[in-house]
Each structure stands twice: as structure tokens, then as C-alpha cells.
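Enquirer: Provide a 3D model corresponding to the input given below.
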Amino acid sequence: MSKQYTEEAERALLALVTAGDRSAMVELYVLYFARLAKFFLHMTSHADLTEELINDTMVEVWRAAASIGLNPSVSRTIMALAYCSTIRGSALELTDLLFEEWMRGALLLPKARRLLTIEVRKSVF
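Expert: The predicted model follows:
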């Protein structure tokens, strides 16, 4: 079971992260890992993508630690970053899938042309 932190404790961790404290970042990562994993698995249903999205989100937390600490709720802000990571990750995954489908079609087209009779190829291509 993961530790429970108060809002003040999370802000203190973020202040340390802002100052470059890597151990505080590790502590924040561990604190949010289970929550983010559950969220991303629910949103994407892909374990490999989930891990990548957790890491992307936590990199954003590292970069934006100072401004996150200014928001009313640290947890809500980190989860909002996670949601944005999901959208970016889904768009990239969709792009990859579309590219794979396009490549599959591009590779199959010459083979399909060879299977057609010369008369059909002349009339179609």
C-alpha cells in the first residue's frame, strides 16, 4: 500500500523537486505511480503504453514543479498533466497504427497488381 501525503507534504516535495532534489522526485514518482498506472490502464488498455505515459507525465512534473506548486491542488494538477499525456500518447499511437496500415496497403498493392490479368490492369491502372 502506498503512503498517503497531505497537500502540504506534496507541496514540500515539489519545492524540493524545484530545487533539483532527485530523491524528492523519486518519492513523488513512487507516490503517484499506482494512481497514474490505474488511470492510464483505464484510458488506454495497453500496459506498455501505460509505463511510457507515466514516465512522460513525471518528466512534465519535473519540468513544471514550480508552477504545479502554485496550483490549488497538486494532485489535480498532476492528474491533468496525465490526461494531457494520454491525449498525446493516443494521438501518437493512432499515427503509428495508420502508418502501419498504410505501409501494409502500399506493400500489398504491387502484389495485387501482379495477380490481375493484363486486360484488367490496362483498364484499371
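Enquirer: and the closest residue to residue 7 other than its chain neighbours, how far from residue 44?
Expert: Ranked by CB to CB, 6 or more residues apart in numbering and with sequence neighbours excluded, the top spatial neighbour of residue 7 is residue 74, at 6.2 Å. (C-beta placed from N, C-alpha, C; glycine too.) Per CB to CB, to the nearest Å, residue 74 is found 24 Å from residue 44.
Enquirer: quick one, which of the two is more surrounded?
Expert: Neighbour count, other CB atoms under 10 Å: between residue 74 and residue 44, residue 74 has more, with 23 against 17.
Enquirer: that one touches residue 10, doesn't it?
Expert: Yes: Residue 74 lies in contact with residue 10 (CB atoms under 8 Å); the separation is 4.2 Å.
Enquirer: in the protein, which ranges drop under the pLDDT threshold?
Expert: Residues of the chain meeting the criterion pLDDT under 70: 1-3, 89-125.
Enquirer: got a list of what the residue nearest to residue 7 touches?
Expert: Applying CB atoms under 8 Å, 6 or more residues apart in numbering to residue 74 gives the contacts 7, 10, 11, 14, 68.
Enquirer: which strand or helix spans the second one?
Expert: This means residue 10. Here residue 10, judged by DSSP states H and E, is contained in helix 7-18.
Enquirer: okay, buried residues for that helix please.
Expert: Judged by neighbour count (16 or more other CB atoms under 10 Å), helix 7-18 contains these buried residues: 10, 11, 13, 14, 16, 17, 18.
Enquirer: next one: stretch 18-25
Expert: Residues of stretch 18-25 classed as buried by neighbour count (16+ other CB under 10 Å): 18, 24, 25.
Enquirer: got the CA positions of it in CSV?
Expert: The C-alpha coordinates for stretch 18-25 follow below in CSV (Å, rounded to 0.1, in the frame of the first residue of the first chain):
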residue,chain,number,x,y,z
THR,A,18,12.0,22.5,-8.0
ALA,A,19,15.4,22.9,-6.2
GLY,A,20,16.7,19.9,-8.1
ASP,A,21,16.4,17.2,-5.4
ARG,A,22,16.3,13.9,-7.3
SER,A,23,15.4,11.9,-4.2
ALA,A,24,12.3,14.0,-3.8
MET,A,25,11.4,13.3,-7.4
